[in-house]
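In: any chance you can model this:
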Amino acid sequence: MSSVQSQTTNSLSIVNLPSEILRRIFGYVRGQLPSEKHIRWEVIVRSGSSLKDIKNTRLVCWRFHNESSHLLLTTVSVSMSPTSLARLDEISRHPLISQFIQTTQLVPHFFASELAESFPDFLVDRIQQLRVMVISGRSRVRADADSAAMTKSNRILDSWERLLRGVATHSLNDEDLRNMRLIKRAHDQYRQAYLEQERMRTDGTFVSAVADAVARMPRAKSLHITDCESFFKERRVRLVDLMENDDLLVRNLARPTKWGEGPVEEYEIPQVKLLSEIPLAIGRAGVRLTAVRYDIAPTADCSRLLESDRDIFDLKEAMRQLTSFTFEPNNFRFLEFRVSDKNARYLVKFVGVFIDTDSIQNMRINTGFMCPDEEWDEESSSSAGSLLLTRTWPQLRRVDFQGPIHIEELQLFYVGIQTRVKVILNKVYLLSGLWADVLDIMHDVRLEKGGWSSVWHPLGAECDGMAEDGKEEIFDDPYDNLSDYYIMGEMDDNPFRRVRGEDAYNDETGEW
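Out: So this is what the prediction gives:
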């Protein structure tokens, strides 16, 4: 009897495991964490190496193939083009892949009407883009091919500038004519893409198709609105590749504009309303998102985000199960102008609609674009601290906040929260009060399980006149700084109030 049992046991292998166990194992191979619903969704990043591991796993045997194939695709991107929308539709209808899509990534690149309807404007814009590539490529010339590409690109620029100046055709050589045909081909493609974009936008096809597709994917509960094509770093097209392939050059010249590149303040961005229409439509399709992330935001026309009370009500209803929200508009880093106070208030109102739900556990909010600067003083700057007072959030675990705030708002936030929340204040501008008092507030709220809140790179109040070495000692070292020790309770004296000779801060005079 024992011999039979031994033979049976020895014959078992990993392929005999239940499907649920095998899928969990392959989830680790792919880079998934064991309990994704309890952590911030944005930290679950699937690296390129883990994807390669899954591809290799599928080749081991048919059992491994069948139990790991769903991990090949967990995020699907869509932009406003017929081909991209068709791909999303196909994936959402696939009997296996659609069951394991977790994140829908909206990439609202746009074709500007100003460039589509004016060839001279398009030409000026593309000359500038190619010139930037040439300038950046000069430092990376390492081979004859690179040098040849630089020479050819300069000749193309010369030809386009002649075209811009209106040089007579009879004075142009064959190379000039060829280069001009390339830019005209690119403009024709750009204009055609613009017309397709406008058709899909104005007739509502895009919004409804995306919402319907998300509703067909049972695990697609995360929405990520970004300027990047994927979670991974986009591959830059090399200048040498463009100069060796005319079709590639034309496609690159006809590509859409990102929110974070070029003189976006000169263009009307037709996709502004998509930022609210897409989550609204997904909610109206019956899907309750659990994670929403915005990596971009409009810099103008922000009143178009939510134009009616019905939209606000429906969006709040759609967010009733939201646990993670991120608003971190990276495109603002490239601005050469300040977002108006009026538009900033509209953005704060927009963010407030998403976080107005008891289900929120993690918030990451960056309103740094509202902070005072050399041109805008404190008196003309609005606070974004009202966002922390939207409600009390009984399940809140972590808040990352950046932007201007009054100390009274921070005090009310701590009074109202119902759980011990980890708070990270990063590049926060204190419009009123003292940072010494902020540290006292955070010092009095101890976190469980060894965690602690932190202040990084504080702005305003007494920090404005503080010596750099003193500021670094209190705040800037992420592994060894006095503010963290005080907040954690490992030192009794507030570092701002310690007597440090000439560096001590006087609360009464407001001077160091």
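In: next SSE downstream of the longest helix anywhere in the chain?
Out: Using DSSP state H to define each element, the chain has its longest helix at helix 174-202. Beyond helix 174-202 on the C-terminal side, the first helix or strand identified by DSSP states H and E is helix 205-216.
In: ok, and for that following helix, which residues are buried?
Out: Within helix 205-216, the residues scored as buried using 16 or more other C-beta atoms under 10 Å are 206-207, 209-211, 213-216. For glycine as for every other residue, the C-beta is placed from the backbone atoms N, C-alpha and C.
In: tabulate the residues you listed (CSV), appending pLDDT and distance to Met319.
Out: Shown next, in CSV, are the buried residues of helix 205-216 (pLDDT from 0 to 100; distance: C-beta to C-beta, whole Å):
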residue, pLDDT, distance to Met319
Phe206, 94, 22
Val207, 95, 18
Ala209, 96, 22
Val210, 97, 17
Ala211, 97, 15
Ala213, 97, 20
Val214, 97, 15
Ala215, 97, 16
Arg216, 97, 21
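In: would you reformat those residues as TSV and include distance to Asp492?
Out: Listed next are the buried residues of helix 205-216 as TSV, based on distance: C-beta to C-beta, whole Å:
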residue	distance to Asp492
Phe206	59
Val207	57
Ala209	61
Val210	55
Ala211	56
Ala213	57
Val214	53
Ala215	56
Arg216	59
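In: thinking again about what came up before, off-centre distance for the longest helix of the chain?
Out: Chain-centre distance of helix 174-202: 29 Å, with C-alpha atoms, centre = their mean, to the nearest Å.
In: helices and strands around it, which ones?
Out: For helix 174-202, the packing partners by 3 or more C-beta pairs under 8 Å, 6 or more residues apart in numbering; DSSP states H and E come out as helix 82-93, helix 113-116, helix 119-137, helix 144-165, helix 246-253.
In: the longest one to helix 246-253, inter-axis angle?
Out: Using axes from the mean of the first three to the mean of the last three C-alpha atoms, to 10 degrees, the interaxial angle of helix 144-165 with respect to helix 246-253 works out to 60 degrees.
In: tell me which strands and helices helix 144-165 is in contact with?
Out: Secondary-structure packing of helix 144-165 (3+ C-beta pairs under 8 Å, 6+ apart): helix 119-137, helix 174-202, helix 239-244.
In: how about those, which one is nearest Thr104?
Out: helix 174-202 (16.7 Å; C-beta to C-beta).
In: any idea which residue is closest to the centre of this structure?
Out: By C-alpha atoms, centre = their mean, the chain has its centre lying nearest to Asp295, at 2.5 Å.
In: residues of the longest helix of the chain that come out buried?
Out: Buried residues in helix 174-202, counted by 16+ other C-beta under 10 Å: 176, 179-180, 182-183, 185-187, 190-191, 193-194, 197, 200-201.
In: who are the neighbours in contact with the residue lying closest to the residue nearest to the centre of the chain once chain neighbours are set aside?
Out: Distances taken as C-beta to C-beta, 6 or more residues apart in numbering put Thr226 closest to Asp295, at 4.0 Å, once the chain neighbours are dropped. Going by C-beta atoms under 8 Å, 6 or more residues apart in numbering, Thr226 touches 105-107, 293, 295-296.
In: at 10 Å what do you get?
Out: Residues near Thr226 by C-beta atoms under 10 Å, 6 or more residues apart in numbering: 77, 105-108, 258-260, 293-296, 328, 330-331.
In: top of these by neighbour count?
Out: In terms of neighbours by other C-beta atoms under 10 Å, those top out with Trp259 at 26 neighbours.
In: am I right that it sits in a strand?
Out: No. Read with DSSP: H, G, I helix; E, B strand; the rest coil, Trp259 is coil and lies in no strand.
In: would you confirm that Asp247 contacts Arg185?
Out: Yes. Using C-beta atoms under 10 Å, Asp247 is in contact with Arg185, at 9.2 Å.
In: next, Ile424: secondary structure please.
Out: Classification of Ile424 by three-state DSSP places it in strand.
In: just give me the neighbour total for it.
Out: If we define neighbours as other C-beta under 10 Å, then Ile424 has 15 of them.
In: quick check: beta-bridge partners of it?
Out: Listed beta-bridge partners, Ile424: Asp400, Ser454 (assigned using DSSP bridges).
In: what's the pLDDT at it?
Out: The per-residue pLDDT reported for Ile424 equals 93.
In: shouldn't it be in contact with Ser453?
Out: Yes. Look at Ile424 against Ser453 with C-beta under 10 Å: they come within range, at 6.7 Å.
In: overlap of the contact sets of those two?
Out: In contact with both Ile424 and Ser453: 398-399, using C-beta under 10 Å, 6+ apart.
In: CA atoms of stretch 51-64 as CSV?
Out: The C-alpha atoms that make up stretch 51-64 are tabulated as CSV, following Å, rounded to 0.1, in the frame of the first residue of the first chain:
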residue,chain,number,x,y,z
LEU,A,51,6.9,40.1,-19.5
LYS,A,52,9.8,38.3,-21.2
ASP,A,53,9.7,35.7,-18.4
ILE,A,54,6.0,35.1,-19.1
LYS,A,55,6.7,34.7,-22.8
ASN,A,56,9.3,32.0,-21.9
THR,A,57,6.9,30.4,-19.5
ARG,A,58,4.3,29.9,-22.2
LEU,A,59,6.8,27.8,-24.2
VAL,A,60,7.4,25.2,-21.4
CYS,A,61,4.3,23.1,-22.0
TRP,A,62,0.6,23.5,-23.0
ARG,A,63,-0.5,23.6,-19.3
PHE,A,64,1.9,26.5,-18.6
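In: buried set for that stretch?
Out: 51, 53-54, 57-58, 64.
In: relative to the whole chain's centre, how far out is it?
Out: Taking mean C-alpha positions (C-alpha atoms, centre = their mean), stretch 51-64 and its chain are 31 Å apart.
In: give me the contact list for that stretch.
Out: Contacts of stretch 51-64 (C-beta under 10 Å, 6+ apart): 13-17, 19, 22, 25-27, 29-31, 46-47, 65-74, 232.
In: ok so, going back, contact partners for the residue nearest to the centre of the chain?
Out: If a contact means C-beta under 10 Å, 6+ apart, then Asp295 has 42, 105, 107, 224-228, 259-260, 326-331 as its contacts.
In: equivalent analysis for Arg155, please.
Out: Contacts of Arg155 by C-beta under 10 Å, 6+ apart are 175-176, 179, 243.
In: thanks again, I'm all set now.
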